[in-house]
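> sharing a model prediction with you, sequence too.
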Amino acid sequence: MRNRMSRIFKAADGRAVMLAVDHGYFQGPTTGLVRPGETIAPLAPLADTLMVTRGVLRTCVDAGLDIPVVLRVSGGTSILKEDLSDEEITVSIRDAVRLNVAGVAMSVFVGSPHERQTIKGLSDLVDEANEVGIPVLAVTAVGKEMVRDARYLGLACRIAAEMGASIVKTYHCDGFESVVAGCPVPVVIAGGKKLVEKDALELTFRAMRDGAKGVDMGRNIFQSDCPVGMIKAVRAVVHDGATVAQGNDVYLAEKNRKAR
Ligand code: 5RP
């Protein structure tokens, strides 16, 4: 378990840049991920970890690629449904072991119609994953009607940790320090909907300042007009202590280099 955790959070600083490309499991061929292999190829060498489904792992990621994988193992709904919370475990631990993953990830929908099902599902997954030393990342998914404030996110993150998650993924919010303070395992943030690049770097900077251990970011990287520049910039903020302006310079330098 500790060895796998150290593949996700880098030994030098205990921080992580995870590239989330699992969106298709309920969104289908979403913008930037229509051909996942083409999106992933240039970004994987710059990510610490790939968060992906087994279908995309099998079909779009070269098995020889030396990158730790956090495998999404929950699903069961699509964007066609009003309520996205009706998820269950969709991948066996046996298959996760076969795929040699560093971690498994599932969503918990606290406060949703399927709160109990997903919280119980998390604790069952932790039981199974513990047996083979695989850390579980709990995604504190937010239903459309949920408010992403510190009270709600603090509740969801704490419950996930209490159920035995080794890592919790959530959203940055005002008062994020209290979310981190109340969560005894490392917290990483999702990026959410695509923002202007500098704003996404500001979000990253604030999350790290407020106690996050890294990002598990998708759309703000792969939907950028320069995804490679953006992941380099996010790395600079997460791993090198870059300011927002310095991170933005990293992004712009890569974008301008590509344009020449
Ligand atoms: C979906 C997920 C996504 O991986 C997550 O939302 C991260 O991606 P983004 O930065 O695009 O929000 O877990 O439930």
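Cool, the structure landed.

> the stretch 1-150 of the chain: strands as residue ranges?
Using DSSP state E, counting those that start in this stretch, the strands of the stretch 1-150 of the chain run over residues 16-20, 49-52, 69-72, 74-75, 88-89, 103-108, 136-140.

> got a list of contacts for the fifth one?
If I follow you right, that is strand 88-89. Here strand 88-89 makes contact (CB atoms under 8 Å, 6 or more residues apart in numbering) with 73, 74, 75, 76, 106, 117, 121, 124, 125. C-beta here means a position set from N, CA and C on the backbone, and glycine is covered the same way.

> the ligand contacts on this structure?
20, 22-23, 51, 107, 139, 141, 190-192, 216-220 (CB under 6 Å from any ligand atom).

> switch to 8 Å and redo it
20-23, 25-26, 51, 72, 105, 107, 139, 141, 169, 190-194, 215-221 (CB under 8 Å from any ligand atom).

> give me the ChimeraX select line for these, limited to the buried ones.
Here is the ChimeraX command that picks out the buried ones among the residues of the chain next to the ligand, judged by 16 or more other CB atoms under 10 Å:
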select :20,21,22,23,25,26,51,72,105,107,139,141,169,190,191,192,194,215,216,217,218,219,220,221
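
> what average pLDDT does stretch 235-248 get?
Mean pLDDT, computed over stretch 235-248, is 98.

> quick one: the closest residue to residue 165 other than its chain neighbours from the ligand, how far?
Nearest residue to residue 165, sequence neighbours excluded (CB to CB, 6 or more residues apart in numbering): residue 138, at 3.7 Å. Per CB to the nearest ligand atom, to the nearest Å, residue 138 is found 10 Å from the ligand.

> over to residue 104?
From residue 104 to the ligand the distance is 12 Å (CB to the nearest ligand atom).

> now the closest residue to that residue other than its chain neighbours: how far from residue 22?
Excluding its sequence neighbours, the residue lying closest to residue 104 (CB to CB, 6+ apart) is residue 73, at 4.7 Å. Counting by CB to CB, to the nearest Å, the separation of residue 73 from residue 22 is 10 Å.

> what touches both of those two?
residue 105.

> ok, residue 79 touching residue 27?
Yes: under the criterion of CB atoms under 8 Å, residue 79 makes contact with residue 27 at 5.5 Å.

> sec struct for the residue nearest the centre of the chain, please.
With distances taken as CA atoms, centre = their mean, the residue of the chain nearest its centroid is residue 216 (2.9 Å). Classification of residue 216 using DSSP: H, G, I helix; E, B strand; the rest coil returns strand.

> bridging residues for it?
residue 18 (DSSP bridges).

> what residue ranges in the stretch 1-150 of the chain are flagged as low confidence?
Scanning the stretch 1-150 of the chain for pLDDT under 70 picks out 143-145.

> just the helices in it please.
2-8, 24-27, 36-43, 54-60, 93-98, 115-131, 150-162 (DSSP state H, counting those that start in this stretch).

> any of the contacts of strand 88-89 buried? List them.
Buried among the contacts of strand 88-89 (16+ other CB under 10 Å): 73, 74, 75, 76, 106, 117, 121, 125.

> how near is the last one to the ligand?
Read that as residue 125. On the measure of CB to the nearest ligand atom, residue 125 and the ligand end up 15 Å apart.

> doesn't residue 136 make contact with that residue?
Yes: between residue 125 and residue 136 there is a contact under CB under 8 Å: 5.6 Å.

> that'll do, ta.
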